[in-house]
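> build me a model from this:
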Amino acid sequence: MMPNVTRGGRMQGLLSYLVSVDPAKTSNVHHDPHLVAGDAAVMAWFDDGILDQDDASRIAAYLDEPHRKFGVEIMRRDDRKDAPVGLDGKTALVKADVWHCSLSVAVGERNITDQEWGDIANDFVDAMGFSEASGKAQCRWAAVDHGTSAGGNQHIHIALSLVREDGTKASVHNDRSRAQDTCRALEKKYGLEELSTVHASRGYDPAEKQTAIRQGREMHRTSLERKVRAASTAASTEAEFVRQGRDLGLLMRPRYAKNTTDVVVGYSVAERPAKGERPVWFGGGKIARDLGLGQLRTKWPDTAQGSLDAVAEWNAAARNRRQAKPQARHTTPQLTEGQLWDRYTAQAQEIADRLQSVPLDDHASWARAARETSGVFAAWSASLESTPGPLASTAAELAKTAQLRDYRRHEKPVPMPSLAGSTMLLLAAGSKSKTAAQTALLIQLMRTSKAIFDMHHQSKHYRHARNLRTVLGNDLHSFGQQMPRPAQAVSQVSEPEHDSTRLARLNFPAPASTGPPEPRAGSVVPSKTEPTRTYQPTTTHQPTQPGPEQENGR
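Prediction:
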């Protein structure tokens, strides 16, 4: 279950949106908006029917009453991207007494009844410290269900006033993190699909997606992530990363340490804009958790000369000048291109083999393997796909495993071969290249991807496993069927059976939240598991009789 917390200053506007069934006023189709939970007075008045705009106005007036009665103002910094900045370098203060949180479950989750949503909402508000269970005066709130989203997600919206009944302010310190922790506990209590507490990919502003749809293009950050992954995987030094990114058409801008022009501490990237348009910049760590410069540097050697070369390339990129040292294709004089493919395919095979003995709880090693494999698919997509296809989809899905919620909590990954060489070969292969050598590499990448799927399945990360199964078993399998049969010379570095049909023989069991997965060799999952949890409804929250002031508000 995913919480999405926002704050604002217009309770009337929020309630009006939540009950609206006019497609012109909402990005999703709303139907049958109704209350599933709320404080006692709200449920006493409005718990027996579909809500309309008049109801929304009355509920909003009731929820906003403590704010008006006590004249309490709650302000925060305007965090919108286009927020104006004052002379002090800070954005303006805006009203923020309205707390809004949507709680949504994944597509495919079992049907959740109104009774269950009501219990979930009450438990959530209690755990967040907004009710009388906190030992303080309650905040007024209401939870609205207006049907599944356009994407098929069941969800509810909680609208809450941060001014308590006695005029004091409710604390929202660390509320987003607390909301995540609360949802993890509620998943266990109500037998819902449990999200991973280890992996967390970056989200995006829904407006970004809507803008991309209107303009008929991919979201900027999605395209940028794929290119940055390709560039970082292909690079064996930081300077190569900058050069490779620019070769892929990226604008790259360093972030220097304060008062320096030779100490780079971060970077931003943007697609090269069309004539007359401005570039849209994103920080590397904002695109994906594992693409910040600090994390990328862990895979490159730290030498004095390497630092000088990197600064020279960053300075050239910042000034949009030619590369300080143009990118040269890596070749080994003693090896032919076919022998290079054999070598790099053998390295990919070694990664797949080593993963068979990596413990399920060695999250850093699994993330490293996923990052390398995702980068190869990203580079292959950049070389072969004019529009995002199965290779891009595979890169994006594996990238979710590459991103740890807090990488500092994990040990260093076990040593594994780098896939930089195969990534460079794919980037240089051209847009029409489909060779037998690439098929041999694809089989080993599929073995690695299958191992990552097995890890998620054994770890009960069912959402990750289900999504990987869909991409690998459908999209990438179809792509593999179109590839030529591997050559005999290449087949010597892999397992005996080498036909593209072998991709179909990689078994992807359907992940399900019922029934345990079979333990594998070296698995930390015990063979004996707990029985599947089932939800038992609690007693219905009994509303108290509203006082005279509340009745007048009705």
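
> show me where the stretch 151-300 of the chain has its helices.
175-190, 206-214, 220-234, 238-247, 284-287, 293-296 (DSSP state H, counting those that start in this stretch).

> nearest to Val264, out of those?
Comparison of the helices of the stretch 151-300 of the chain against Val264 by CB to CB identifies helix 293-296 as nearest, at 7.2 Å. (Glycine included, C-beta is placed from N, CA and C.)

> the helix or strand that comes right after that closest one versus helix 238-247: what angle between them?
Helices and strands here follow DSSP states H and E; after helix 293-296, the next one along the chain is helix 304-318. Angle, helix 304-318 to helix 238-247, by axes from the mean of the first three to the mean of the last three CA atoms, to 10 degrees: 20 degrees.

> need the next SSE after the helix or strand containing Thr401, C-terminal direction.
If you go by DSSP H and E, Thr401 is part of helix 390-402. The first helix or strand that comes after helix 390-402 along the chain, using DSSP H and E, is helix 420-429.

> for the following helix or strand past that following helix, what does the pLDDT average out to?
Tracing the chain C-terminally past helix 420-429 and defining elements by DSSP H and E, one meets helix 436-458 next. What helix 436-458 shows for mean pLDDT is 94.

> pick out the residue nearest the middle of the chain.
Ser201 (2.8 Å; CA atoms, centre = their mean).

> picking that back up, and the helices of the stretch 151-300 of the chain: which comes nearest Thr435?
helix 220-234 (18.4 Å).

> where does pLDDT dip in the stretch 151-300 of the chain?
When residues are selected by pLDDT under 70, those of the stretch 151-300 of the chain lie in 206.

> cutoff 90 now
151-153, 177, 191-219, 261, 274-277 (pLDDT under 90).

> about what we covered before: want to throw the helices of the stretch 151-300 of the chain into TSV with mean neighbour count?
Below are those laid out as TSV (neighbours: other CB atoms under 10 Å):
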stretch	mean neighbour count
helix 175-190	16
helix 206-214	12
helix 220-234	25
helix 238-247	24
helix 284-287	21
helix 293-296	18
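
> and of these, who's closest to Ser381?
The nearest among the helices of the stretch 151-300 of the chain, by CB to CB, is helix 220-234 at 6.3 Å.

> quick one: the strands in the protein, in order.
2-8, 34-38, 75-77, 93-95, 98-104, 141-145, 155-161, 250-256, 264-271, 282-283 (DSSP state E).

> columns distance to Gln180 on top of these, output as JSON lines?
Formatted as JSON lines, the strands of the chain follow (distance: least, CB to CB, whole Å):
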{"stretch": "strand 2-8", "distance to Gln180": "6"}
{"stretch": "strand 34-38", "distance to Gln180": "20"}
{"stretch": "strand 75-77", "distance to Gln180": "20"}
{"stretch": "strand 93-95", "distance to Gln180": "24"}
{"stretch": "strand 98-104", "distance to Gln180": "11"}
{"stretch": "strand 141-145", "distance to Gln180": "18"}
{"stretch": "strand 155-161", "distance to Gln180": "15"}
{"stretch": "strand 250-256", "distance to Gln180": "28"}
{"stretch": "strand 264-271", "distance to Gln180": "25"}
{"stretch": "strand 282-283", "distance to Gln180": "22"}
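
> circling back to that earlier point, the residue nearest to the centre of the chain reaches Arg405, doesn't it?
No - the pair Ser201 and Arg405 does not pass the contact test of CB atoms under 8 Å, sitting 9.7 Å apart.

> what sits in contact with each of these two?
Arg289 (CB atoms under 8 Å, 6 or more residues apart in numbering).

> give me the number of residues near Ser365?
Using other CB atoms under 10 Å, Ser365 has 21 other residues around it.

> distance of it from Asp52?
55 Å (CB to CB, to the nearest Å).

> which ones are touching Ala231?
Phe241, Gln244, Gly245, Asp247, Leu248, Leu250.

> helices of the stretch 1-150 of the chain, start to end?
Under DSSP H, counting those that start in this stretch, the stretch 1-150 of the chain gives helices at 11-19, 40-46, 53-70, 114-127.

> of all the helices of the stretch 151-300 of the chain, which one is nearest Tyr62?
helix 175-190 (22.7 Å).

> what helices or strands is that closest one leaning on?
Under the contact definition 3 or more CB pairs under 8 Å, 6 or more residues apart in numbering; DSSP states H and E, helix 175-190 sits against strand 2-8, strand 98-104, helix 114-127.

> show residues contacting that helix.
1-3, 5, 99, 101, 103, 116, 119-120, 123-124, 127-128, 192-195, 197, 533, 535.

> let's see 6 Å
Residues from elsewhere that reach helix 175-190 (CB atoms under 6 Å, 6 or more residues apart in numbering): Met1, Pro3, Val5, Ile120, Phe124, Ala127, Glu194, Tyr535.

> same deal with stretch 298-315?
Thr237, Glu238, Ala239, Val242, Arg243, Pro254, Asp262, Val264, Ala324.

> hmm, 7 Å instead?
Ser236, Thr237, Glu238, Ala239, Val242, Arg243, Pro254, Asp262, Val264, Gln323, Ala324, Lys325 (CB atoms under 7 Å, 6 or more residues apart in numbering).

> repeat that for stretch 393-409.
Residues contacting stretch 393-409 (CB under 7 Å, 6+ apart): 197-201, 225-226, 229, 288-290, 295, 363, 366-367, 370-371, 373-374, 377-378, 381, 410, 449, 452, 464, 467-468, 471-472, 475-476.
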